[in-house]
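Engineer: fold the following and give me the result.
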Amino acid sequence: QVQLVESGGGLVQAGGSLRLSCAASGRTFSSYAMGWFRQAPGKEREFVTGISWTGRSTYYADSVKGRFTISRDNAKNTVYLQMNSLKPEDTAVYYCAARSLFATRRPNDYDYWGQGTQVTVSS
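Structural biologist: Take a look at the predicted model:
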C-alpha cells in the first residue's frame, strides 16, 4: 500500500515557476514508477510526465517537454515536478500516481493516487 500527498501548488504568473512535491508512505517506494497527471475543468485527466522506479527513464507529454522536469529522491520517498515557463494552459489540478516498476501514459495503469494540488497560471 502506498499513500501519496502532493504539495507545492499555487497561483503564479505566466512565465513563472513552481515545484510540486509528492511524498509517499511505505517502505517500497523505490520499486514504484511515478507519474504526474493533470486535470483541467471539463477535461479528461492527462499524462504530464513519468519516471521509472530507478529514476533512469523519464517521459514527458509534448506540451511540457523542455519546460517541466520530473525527478525522484528514493531516500526521501519523494518525487518532484519542476515546472518552468508556465503558461495559462498549464492551469489544472496536478496529481501524482504510482504503479509498479515502469511508468506509462495511461491513468488507468496506476494503482495509487494523491489527492491533487491546484496550479493556477495567470496571464
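Engineer: grab the nearest non-local neighbour of the one residue sitting closest to the centre of the chain.
Structural biologist: The centroid of the chain falls nearest to Trp36 when counting by C-alpha atoms, centre = their mean (2.4 Å). Spatial nearest neighbour of Trp36, excluding adjacent residues (C-beta to C-beta, 6 or more residues apart in numbering): Val48 at 4.4 Å. Yep, even glycine has a C-beta here, placed from its N, CA and C like the rest.
Engineer: what about that neighbour, helix or strand, and which?
Structural biologist: strand 46-51 (DSSP states H and E).
Engineer: packing partners of that strand?
Structural biologist: Contact analysis of strand 46-51 by 3 or more C-beta pairs under 8 Å, 6 or more residues apart in numbering; DSSP states H and E lists strand 32-39, strand 58-60, strand 68-73, strand 78-83 as its packing neighbours.
Engineer: if we compare those, which one ends up closest to Ala14?
Structural biologist: With C-beta to C-beta, the closest approach to Ala14 among the helices and strands packed on strand 46-51 belongs to strand 78-83: 12.0 Å.
Engineer: report the distance from the closest one to the chain centre.
Structural biologist: Between the centre of strand 78-83 and the centre of its chain there are 6 Å (C-alpha atoms, centre = their mean, to the nearest Å).
Engineer: that strand pairs with which strands?
Structural biologist: strand 18-24 (antiparallel), strand 68-73 (antiparallel) (DSSP bridges).
Engineer: what's the angle from the first one to strand 46-51?
Structural biologist: This points to strand 18-24. Orientation of strand 18-24 against strand 46-51 (axes from the mean of the first three to the mean of the last three C-alpha atoms, to 10 degrees) gives an angle of 70 degrees.
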